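>>> my questions concern the predicted model and sequence given below.
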Amino acid sequence: MEVASTSPSIAVIGALAYDQIGTTVATFSDERRFNAKLTNLAERFGGCAGNIAYNLTLLDCSPHVLSFWGDADYTAYRQHLRELGISASCILRTPGHTARAIVLTDPNGDQFTAFYPGHEPDTEAWTEHLEAHAGTLSQCSVVVIAPLNASLTRASIAWLRRETENTLMWCPGQYAEFLGEDTLECFTNVDWLICNEGEFSALQRVADPHNTQQVLRTSGSGPVTVYREGNALLTQAVAPVTDAIDPTGCGDALLAGWAANAHLFDSGSSIAVFERALEQAIGLAAECLKQPGSQNHQAPLSSISLGSAK
């Protein structure tokens, strides 16, 4: 398969977190259940921004993470990023603890996630942080805005659209159901909206998600659809993964695979370009599914890497 000669520089804005990942024999579909016994529990590196950046390194991209972590416990994550070759120079230190995610998976593959964001900066401090790293952001072809609270999301997208000419990809993720009408401009100020079926439905309470010119919509093990101006441009099936272990972070892996190709997208891109990008994105998500946690897999051998896959 054709491999591009250059590796894009991509900024990722979002959370870093320590994940507490466990499985249970209880099923979350039982509405009467108020407790569940875990069959295992492990702490791993996570957070959507961290997961996306990890996957980008597998595709020989150069990720720049703009995030924040707590003074009390950031050193382990800093060392982890150093080992991955990811700079921590754009990460803001805040008081207290780094974010935590508790991710439990039942026998049906359904997940329950509880997220503690840690000490989040206010919008003024966050905007100052973006301005301090304007030089880095201006050198990136793509910026991914991963899940953040509404105020930080608005501030990030507004500043980026005003100050840069990057391709902006926004994934509201777990915050989709908490967004209000004050985020309406976010839909029209980004180039891509990335969401799953549940997030798409939650966003419809605020606005038509297709107000964003281009949408990538996933459906778990179902097909992935690419929309342009509200019309389905491409639908691609997801092959079954028979040796699945843990779905944590699969969506982040898919988003990274898509973002890695975004510098190839334009209004005249052929369907084949999007097909190849989806093949890479889906393949990377499948590899994530085969390993515990979000940052323990490698790129598939068949990856359509923008550089050479590691």
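Structure's in. What do you need?

>>> can you give me the strands in the stretch 151-300 of the chain?
Assigned by DSSP state E, counting those that start in this stretch, the stretch 151-300 of the chain shows strands spanning 167-170, 192-196, 214-218, 224-228, 231-236.

>>> elements contacting the first one?
Strand 167-170 makes packing contacts with strand 142-145, helix 150-163, strand 192-196, helix 250-259 when contacts are defined by 3 or more CB pairs under 8 Å, 6 or more residues apart in numbering; DSSP states H and E. In short, each C-beta sits where N, CA and C put it, glycine included.

>>> what do you get for the second one?
Of the remaining helices and strands, those touching strand 192-196 by 3+ CB pairs under 8 Å, 6+ apart are strand 167-170, strand 214-218, helix 250-259.

>>> need these in JSON lines (columns: mean pLDDT, distance to Gly85 and mean neighbour count).
Output for the helices and strands packed on strand 192-196, formatted as JSON lines (pLDDT from 0 to 100; distance: least, CB to CB, whole Å; neighbours: other CB atoms under 10 Å):
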{"stretch": "strand 167-170", "mean pLDDT": "98", "distance to Gly85": "22", "mean neighbour count": "24"}
{"stretch": "strand 214-218", "mean pLDDT": "97", "distance to Gly85": "27", "mean neighbour count": "22"}
{"stretch": "helix 250-259", "mean pLDDT": "97", "distance to Gly85": "15", "mean neighbour count": "28"}
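
>>> okay, those in JSON lines with distance to Glu229 next?
Output for the helices and strands packed on strand 192-196, formatted as JSON lines (distance: least, CB to CB, whole Å):
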{"stretch": "strand 167-170", "distance to Glu229": "17"}
{"stretch": "strand 214-218", "distance to Glu229": "8"}
{"stretch": "helix 250-259", "distance to Glu229": "18"}
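
>>> of all the ones you listed, which one is nearest Ala53?
Among those, the nearest to Ala53 by CB to CB is helix 250-259 (7.9 Å).

>>> and the closest one, what other elements does it pack with?
Looks like helix 250-259 contacts helix 48-58, strand 142-145, strand 167-170, strand 192-196, strand 214-218, helix 271-289 (3+ CB pairs under 8 Å, 6+ apart).

>>> try 6 Å
helix 48-58, helix 271-289 (3 or more CB pairs under 6 Å, 6 or more residues apart in numbering; DSSP states H and E).

>>> quick one: the last one to helix 48-58, angle?
It refers to helix 271-289. Counting by axes from the mean of the first three to the mean of the last three CA atoms, to 10 degrees, helix 271-289 lies at 110 degrees to helix 48-58.

>>> tell me which residues of stretch 69-83 are tucked away?
Trp69, Gly70, Tyr74, Tyr77, His80, Leu81 (16 or more other CB atoms under 10 Å).

>>> go on, stretch 27-43?
Buried-residue list, stretch 27-43, by 16+ other CB under 10 Å: Phe28, Ala36.

>>> now do stretch 137-149
Neighbour-count burial for stretch 137-149 [16+ other CB under 10 Å]: Leu137, Cys140, Ser141, Val142, Val143, Val144, Ile145, Ala146, Pro147, Leu148.
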